[in-house]
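Enquirer: The sequence isn't on hand, but the structure is:
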C-alpha cells in the first residue's frame, strides 16, 4: 500500500521561498505519476503541478508557472515542489497525490493522497 507523507510547509513572507517534499513508503514509487494540489480557505482543491513517472514531463497551473518547480528523486522515493516568489494567494494546504504510470491535472485521476502540509504566506 502506497502512503505519501508531505513535509516542508510553514509560514513565509510574500516574496519568499519554500520547498515541499512528498516521500513515498514504497520502492516502486518511480512507477507513479505524481502531482501537487492545494486547497485554500473556502476554496476547492486545485491542481498545482504534476510530473510523469519517469520525471521527463512536467505540467503547471498557469497561476504558478515560472514560480514553482516540480521535480523527483526516485532514488529517495521523493517528489519536491520548489516554490519561489510566494504570494499571499498561495496560502493553502498542499497535498501530494500519486497514480500508477498516468497523471494529469484532474484530482479524480489520483488514487493515493497524503495528509497535506500547510503553507501560509503573509503580506
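Expert: Looks like it arrived, so ask away. All values reported here derive from a predicted model rather than from experimental measurement.
Enquirer: list the buried ones in stretch 108-117?
Expert: By neighbour count on 16 or more other CB atoms under 10 Å, the buried set for stretch 108-117 is 110, 112-114, 116-117. All C-beta atoms are positioned from the backbone trio N, CA, C, and that covers glycine.
Enquirer: need the residues you listed in a markdown table with secondary structure, distance to residue 48 and pLDDT, can you?
Expert: As requested, the buried residues of stretch 108-117 are exported to a markdown table (DSSP: H, G, I helix; E, B strand; the rest coil; distance: CB to CB, whole Å; pLDDT from 0 to 100):
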| residue | secondary structure | distance to residue 48 | pLDDT |
| --- | --- | --- | --- |
| 110 | coil | 13 | 97 |
| 112 | strand | 16 | 97 |
| 113 | strand | 14 | 98 |
| 114 | coil | 13 | 98 |
| 116 | coil | 12 | 97 |
| 117 | strand | 12 | 98 |
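Enquirer: Just the pLDDT at residue 55, thanks.
Expert: Predicted confidence (pLDDT) for residue 55: 83.
Enquirer: still on that earlier bit, could you work out the most separated pair of the buried residues of stretch 108-117?
Expert: 110 and 117 (16.6 Å; CB to CB).
Enquirer: Looking at the buried residues of stretch 108-117, which is nearest residue 31?
Expert: The closest of the buried residues of stretch 108-117, once distances to residue 31 are taken by CB to CB, is residue 112, at 12.0 Å.
Enquirer: how near is that closest one to residue 12?
Expert: Residue 112 sits 27 Å away from residue 12, taking CB to CB, to the nearest Å as the criterion.
Enquirer: ok, residue 91 - contacts?
Expert: 40-41, 119-121 (CB atoms under 8 Å, 6 or more residues apart in numbering).
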